[in-house]
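Visitor: Sequence first, predicted model second:
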Amino acid sequence: MKILSSLILVTASLFSLQLQAGEQESKAWELIETGSLVIDVRTTEEYAQGHLADSLHIPYQQITSQLNNQGIRKDRQIVLYCRSGRRASVAEAALRQAGYSNIFNGGGLEPLLKEKLLLAN
């Protein structure tokens, strides 16, 4: 059972990384604009250099414990992002393992910002 669960998590993570360029970011913005909780899973130093407005900062290693401590519902829609999408993928897998069901890997900060500019034009 544990192997099957791990296999499902890896498959979900790979799928989220394989979205077409722009498609992942467009979907992330759609979710953000409809009220999703946005979490930056990068380091404190990276977050201090710039982040999406209204995003929470929770390093990916602490994501499950911090969401549990903050009482975030397990069915709450959450968009994760980092520098490239890799750490967001690790955080997504950890959250799914912990029972969170509405997680989306928004990818990297730079592509998200570029997509926002494209959507604005």
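Guide: Ah, there it is.
Visitor: Can you list the low-confidence ranges for the chain?
Guide: 1-21 (pLDDT under 70).
Visitor: okay, which residue is most central for it?
Guide: Leu80 (1.5 Å; C-alpha atoms, centre = their mean).
Visitor: Quick check: it touching Val90?
Guide: No - using C-beta atoms under 8 Å, Leu80 is not in contact with Val90; the gap is 9.5 Å. All C-beta spots, glycine's among them, are computed from the backbone N, C-alpha and C.
Visitor: sec struct for Tyr81, please.
Guide: strand (DSSP: H, G, I helix; E, B strand; the rest coil).
Visitor: Just list whatever residues bridge to it.
Guide: Beta bridges link Tyr81 to Asp40 when assigned by DSSP bridges.
Visitor: how far away is it from Gly108?
Guide: Applying C-beta to C-beta, to the nearest Å, the value for Tyr81 to Gly108 is 7 Å.
Visitor: So which of those two has more stuff around it?
Guide: Neighbour count, other C-beta atoms under 10 Å: between Tyr81 and Gly108, Tyr81 has more, with 30 against 20.
Visitor: residues touching that one, list them.
Guide: Residues near Tyr81 by C-beta atoms under 8 Å, 6 or more residues apart in numbering: 28, 38-41, 52, 55, 88, 105-109, 112.
Visitor: And it, how far from Gly71?
Guide: For Tyr81, the distance to Gly71 - C-beta to C-beta - is 22 Å.
Visitor: which ones among the contacts of Tyr81 are found in helices?
Guide: 28, 88, 109, 112 (DSSP state H).
Visitor: ok, back up a step: quick one: residues contacting the residue nearest to the centre of the chain.
Guide: With C-beta under 8 Å, 6+ apart, Leu80 has these contacts: 39, 41, 63, 88, 91-92, 103-106.
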